[in-house]
Structure formats: structure tokens, C-alpha cells
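Visitor: below: sequence and its predicted model.
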Amino acid sequence: MITNEIDLFRGIDFAVMEQINGICVEEFFKAGTTLFKRGEDAEVLYILEDGTLKLEVENGSSLTFRLTEPGSLFGWSSLAETGKYTASGISATDLKAVKIHKRQLEKIFKQHPDAGLKIMRRMVDVFSSRLSNAYQAYLDLLSFQDSQPIASYG
């Protein structure tokens, strides 16, 4: 299972990984399927196995991120205090993902707090990387706009 191959679970005790793998459900989604909507209660963490997922945020205008790398996490809001999805997740192609229900994962974290802390710290690395990429994309956009000539009419 992909959980054994991704950094999120690297170095986690074998017995704990057996429990985590026991709550994982592999699911297939057709292209165009909405897995979750922004603002909904976040109940599931997903791990991309195959396909492309669009994460969309709309608030007057829209921002879309595409996840294509196997092992990419999405739906991480399920492990945040607010418990609401911060974006909508839509399959851009046929998609295969592993679903992990938050309540089941939280039970394992309560039994094995050291493993839970390791996993949560690694999730922070995922968020940090995505935020850094978003900052860079925004700066690139600003640089592009600054380099464009100003149209003159006359």
C-alpha cells in the first residue's frame, strides 16, 4: 500500500503502520467527481495514488492547484482543529486515492502519541512546502505583471 512508501509514515513502528493500513480504504473516482467542498466538515484525509486532483478555492475569483504526484496528501484539514475543508477537491482525471477517516486515525494517535506527533510534524512540512510554493507562484505573477509594458492610447 502507498502508505508504506511515503515520507509521512517513514520510520513509524511496524505495529502502528499495521493499524494505520487497517483503516485505509482505496477508492476510485471518475473525472469530474467532487470529493469534498470548501467549508464542509473535514472527515477524511486522502493520499493520491494515481490521477490528477484539482484543489480549488473560490472567493470572487478562483485559485486552482493541481496534485499529480503519487503520495500527495489532500484533505489535511481533517486533522486541523477547525475541521473544515479549506478548498474543494475535484478529480481532474479518473483518480485513485487512499481514504483515511480522521476519527479512526485519531484513535491510533491516542494509543501511540509518539507516532501521532511524528506524523503531524511531517504534515506541517507538507503545509509549509505548499505555502512556500504558493508564495513563489504569487511572486512570479507579480514579477510578470511588473515586467509587462503599460499600454498607452493616444
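Guide: Received the coordinates, thanks. Residues are numbered from 1 along each chain as shown.
Visitor: residues of the lengthiest helix in the chain that come out buried?
Guide: Ranked by residue count under DSSP state H, the longest helix found in the chain is helix 113-147. Buried residues in helix 113-147, defined by neighbour count with 16 or more other Cβ atoms under 10 Å: 115, 116, 118, 119, 122, 123, 130. In short, each C-beta sits where N, CA and C put it, glycine included.
Visitor: between those, which is nearest residue 30?
Guide: Ranked by distance to residue 30 (Cβ to Cβ), these are led by residue 130 at 25.7 Å.
Visitor: is the spatially closest residue to the closest one that is not a sequence neighbour bridged to anything, and to what?
Guide: Nearest residue to residue 130, sequence neighbours excluded (Cβ to Cβ, 6 or more residues apart in numbering): residue 65, at 7.6 Å. Taking DSSP bridges, one finds residue 55 as the beta-bridge partners of residue 65.
Visitor: check which helices and strands the longest helix of the chain sits against.
Guide: Judged by 3 or more Cβ pairs under 8 Å, 6 or more residues apart in numbering; DSSP states H and E, helix 113-147 is in contact with helix 102-111.
Visitor: what helices or strands is the helix it packs on leaning on?
Guide: helix 14-23, strand 44-50, helix 113-147.
Visitor: nearest to residue 31 among the ones you listed would be which one?
Guide: Proximity to residue 31, assessed across the helices and strands packed on helix 102-111 by Cβ to Cβ, is greatest for strand 44-50 (12.4 Å).
Visitor: tell me the buried residues in the host helix or strand of residue 58?
Guide: Per DSSP states H and E: residue 58 is located in strand 53-59. In terms of neighbour count (16+ other Cβ under 10 Å), strand 53-59 has its buried residues at 53, 54, 55, 56.
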